[in-house]
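Participant: Got a predicted structure here, sequence first:
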Amino acid sequence: MTAPAVGSSGGVYALVSAHLANVVMNWSGMRCQFKFFRMGIALICMSLEFGRAVWLRFRPPAHPSCAHPSFACHLGGVMVGITLGVVILRNYEQKLHEQSLWWIFVIIYLIFVAFAVLWNIFAYGLLDSRLLPPA
């Protein structure tokens, strides 16, 4: 089963997840009275959009010739956003255990990047598919 990955939803999910990681890291230092509201709205919007993407992927097609879009970019965007949000964005009150978590997230992010590069190099042979159809 294949599905096209189109649009910028993976990037949007990465940005929103990085923001959520920043809010969680700096929760105690935030003096914003709407921090629960901010987190709740972001999580509700992300959950509804992800549920919509999964529903569109697996529902019966309205037009049989139309391919269903993939939702894998949503998950990838969340994982990259959380890891890069912890690594790149600033933590104002860093403790010793948070420094070790920082290194763990750096390693996880590098594993993601290595997997993505290797998958793009070797996956076409594994899936027996071609970039261009035979002439």
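Facilitator: Happy to help now that I have it. Numbering: from 1, shown residues only.
Participant: which residues are contacting whichever strand or helix holds residue 42?
Facilitator: Using DSSP states H and E, residue 42 maps to helix 35-58. Helix 35-58 is contacted from outside by 3, 9, 13, 16-17, 19-20, 23, 27, 32, 68-71, 74, 78, using C-beta atoms under 8 Å, 6 or more residues apart in numbering. Yep, even glycine has a C-beta here, placed from its N, CA and C like the rest.
Participant: Name the nearest of those residues relative to residue 93.
Facilitator: residue 27 (9.7 Å; C-beta to C-beta).
Participant: Mind telling me which residue is nearest the centre of the chain?
Facilitator: Closest residue to the average C-alpha location of the chain: residue 77 at 1.7 Å, with C-alpha atoms, centre = their mean.
Participant: Which residue, other than its chain neighbours, is closest to that residue?
Facilitator: In space, and not counting its chain neighbours, residue 77 is closest to residue 13: 3.1 Å by C-beta to C-beta, 6 or more residues apart in numbering.
Participant: just the helices in this structure please.
Facilitator: For the chain, applying DSSP state H gives helices covering 9-25, 35-58, 72-88, 96-127.
Participant: how about a markdown table for the ones you listed, with mean pLDDT added?
Facilitator: Output for those, formatted as a markdown table (pLDDT from 0 to 100):
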| stretch | mean pLDDT |
| --- | --- |
| helix 9-25 | 83 |
| helix 35-58 | 81 |
| helix 72-88 | 83 |
| helix 96-127 | 80 |
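Participant: Look up how far residue 86 lies from the residue nearest to the centre of the chain.
Facilitator: Note on residue 77: its distance to residue 86, by C-beta to C-beta, to the nearest Å, is 15 Å.
Participant: Contact partners for the residue nearest to residue 77?
Facilitator: For residue 13, counting by C-beta under 8 Å, 6+ apart, the contacting residues are 46, 73, 74, 76, 77, 78, 81.
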